[in-house]
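Visitor: Sharing a model that was predicted from the sequence below.
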Protein chains: 2
Amino acid sequence: MADAKIRLCVKHDLAAGNSVPLDRDQANYLFNVMRLGVGAHILLINSRDGEFLAEVVDAGKRRGLLTVLSQTKPLQMPPDLWLLFAPIKKARTDFIVEKAAEMGAARICPVKTDYANSDRIRQDKLQAHAMEAAEQCGGTYVPEVAEITKLQTVLDDWPSDRSLMFCDEALAGEAHGLAKAKPGKWAILIGPEGGFSDAEREALSRMAQSLPISLGPRILRADTAAVAALTVWQQALGDWV
Amino acid sequence: MADAKIRLCVKHDLAAGNSVPLDRDQANYLFNVMRLGVGAHILLINSRDGEFLAEVVDAGKRRGLLTVLSQTKPLQMPPDLWLLFAPIKKARTDFIVEKAAEMGAARICPVKTDYANSDRIRQDKLQAHAMEAAEQCGGTYVPEVAEITKLQTVLDDWPSDRSLMFCDEALAGEAHGLAKAKPGKWAILIGPEGGFSDAEREALSRMAQSLPISLGPRILRADTAAVAALTVWQQALGDWV
């Protein structure tokens, strides 16, 4: 992979000829960690304009400047898919966010369930994880990580035009039902490791938009279930088809 | 989950009335870490006889004895599916083994590819990870973790009756082709993070048993690709259907 280039997500608009100043962390990464210098080429994304080739024109220890050369990929929006999950241990929560970005979720929504072990997240850190995953996986879009919200609140305000694929471990081994599902706006809800409460299960079963599915005969950890559910959805209704 | 019981994988035969002595680590886990005592019930698996309820009849600091009461689940063998992958960083290698066990692979085969970063594994540690994952996920079978072998050697000796689903990141975005695939003996090969060498790619393309598939338009990390590929296979040909 001799031509593999570093990909960096920036906030600035990307168009040929634009200048992109780097912040201290970005300059440190490019010039100290990766040892790039003036004239080096990297790829830029910003979640809006696609992917662009850029050249380093100033390389300092704490600052730097890039010039945008040309577009290398158009913006490819992921499908309009949200991933809802109850945060678990830190490493596995980080993992779920990374995987959701790689697998092409558009929005990542941590939810607090009645039996959840963890109800605090560092939204800024998780957003940074999503950005790094987008940089790595060749995507041009960084999914937004929402602040944590109570699942009951999310379900009470659920948009009428968004379907909800609800991964129910109580269904393990039974047939799943995405075959007849229609494309459009969707969300995936991963069952929390402590299970859903009766009230949550009741709210989910009342929703006309919700479709319970099974992820096979074994009980999956939440992080495994996230990747498996995203695969099932992407294959049936998303951008893998 | 008040009735959730600890599940333990043991080496002994399981049948009603059998005695199962515990080793030091198992006794420490049950009686010191989990604070069980005489009379407590746990579940046992051994990869051969299914799942059994057992009762603690002796609980020491370094030893213990269980009596097997009754079968709670028959043995459910996973499909005859191998997962081949090139070991990466330790945490992600551990993760792949855990996920393969949860997702129902029967055999986990680390392979050394030409461009791999890592060619050493601790087979015993990985086998222990597979066992813990089987204990957690409710399965009755622990996949075997093989010693690491050179990919070229594995391909040279490839059994004629085993199909190989080969996840090729060079195909990202193109249609995958499991729809017409036939059930039977299979293996999944996850592309290494450094990519395949030309020699490896050539060997794979020569094999009549190999079927390249795509895992969507983004480049997945090896650990994400493992779960996604296992999902694709289990849904099309495995025990999720």
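Guide: Looks like it came in fine.

Visitor: Tell me how many other residues surround the residue nearest to residue A:221 when sequence neighbours are not counted.
Guide: Once flanking residues are discounted, residue A:221 sits nearest to residue B:102: 6.5 Å by Cβ to Cβ, 6 or more residues apart in numbering or on different chains. Placement of C-beta: from N, CA and C, glycine included. By the criterion of other Cβ atoms under 10 Å in any protein chain shown, residue B:102 has 28 neighbours.

Visitor: what about residue B:102, helix or strand, and which?
Guide: Using DSSP states H and E, residue B:102 sits within helix B:90-103.

Visitor: how distant is that helix from the center of its chain?
Guide: 7 Å (Cα atoms, centre = their mean, to the nearest Å).

Visitor: secondary structure class for residue A:35?
Guide: Following DSSP: H, G, I helix; E, B strand; the rest coil, we place residue A:35 in the coil state.

Visitor: my bad, residue A:44
Guide: Of the three states, residue A:44 takes strand under three-state DSSP.

Visitor: separation between it and residue A:5?
Guide: The spacing between residue A:44 and residue A:5, counted by Cβ to Cβ, to the nearest Å, is 10 Å.

Visitor: cool, residue A:132 as well?
Guide: For residue A:132, the distance to residue A:5 - Cβ to Cβ - is 16 Å.

Visitor: swap in residue A:57?
Guide: 16 Å.

Visitor: where does chain A dip in pLDDT?
Guide: For chain A, residues meeting the criterion pLDDT under 70 lie at A:1-4, A:117, A:170-176.

Visitor: what does chain A have sitting close to chain B?
Guide: A:1, A:76, A:91, A:95, A:98-99, A:102-104, A:136-139, A:172, A:176, A:194-195, A:214-221, A:224, A:227-228, A:230-232, A:234-235, A:238-241 (Cβ under 8 Å from any Cβ of the partner chain).

Visitor: Just the ones of the residues you listed in helices?
Guide: Cross-referencing the residues of chain A next to chain B against helices under DSSP state H gives A:91, A:95, A:98-99, A:102-103, A:136-137, A:224, A:227-228, A:230-232, A:234-235.

Visitor: and these, which are buried?
Guide: Taking 16 or more other Cβ atoms under 10 Å in any protein chain shown as the criterion, what is buried in those is A:95, A:98-99, A:102-103, A:136-137, A:224, A:227-228, A:230-232, A:234-235.

Visitor: Go ahead and confirm residue A:146 touches residue A:111.
Guide: No - contact between residue A:146 and residue A:111 fails when scored by Cβ atoms under 8 Å: they sit 9.0 Å apart.

Visitor: about what we covered before: can you list the helices and strands that the helix holding residue B:102 packs against?
Guide: helix A:222-237, strand B:81-85, strand B:107-112, helix B:123-137, helix B:222-237 (3 or more Cβ pairs under 8 Å, 6 or more residues apart in numbering or on different chains; DSSP states H and E).

Visitor: Let me have the ones you listed in TSV, adding distance to residue B:36 as columns.
Guide: Output for the helices and strands packed on helix B:90-103, formatted as TSV (distance: least, Cβ to Cβ, whole Å):
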stretch	distance to residue B:36
helix A:222-237	26
strand B:81-85	34
strand B:107-112	30
helix B:123-137	15
helix B:222-237	33
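
Visitor: Residue B:185: which of the ones you listed is closest?
Guide: Closest to residue B:185 of these is strand B:81-85 (Cβ to Cβ; 8.1 Å).

Visitor: mind checking how far that closest one is from the chain centre?
Guide: With Cα atoms, centre = their mean, you get 9 Å for strand B:81-85.

Visitor: How about stretch A:22-29?
Guide: 23 Å.

Visitor: May I have that stretch as PDB, with CA atoms only?
Guide: Extracted as PDB, the C-alpha positions of stretch A:22-29 are listed here (Å, rounded to 0.1, in the frame of the first residue of the first chain):
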ATOM      1  CA  LEU A  22      -4.100  23.000  11.100                       C
ATOM      2  CA  ASP A  23      -4.700  23.000  14.800                       C
ATOM      3  CA  ARG A  24      -2.000  22.100  17.300                       C
ATOM      4  CA  ASP A  25      -3.100  18.400  17.500                       C
ATOM      5  CA  GLN A  26      -3.300  18.000  13.800                       C
ATOM      6  CA  ALA A  27       0.100  19.600  13.300                       C
ATOM      7  CA  ASN A  28       1.700  17.400  16.000                       C
ATOM      8  CA  TYR A  29       0.200  14.300  14.400                       C
END
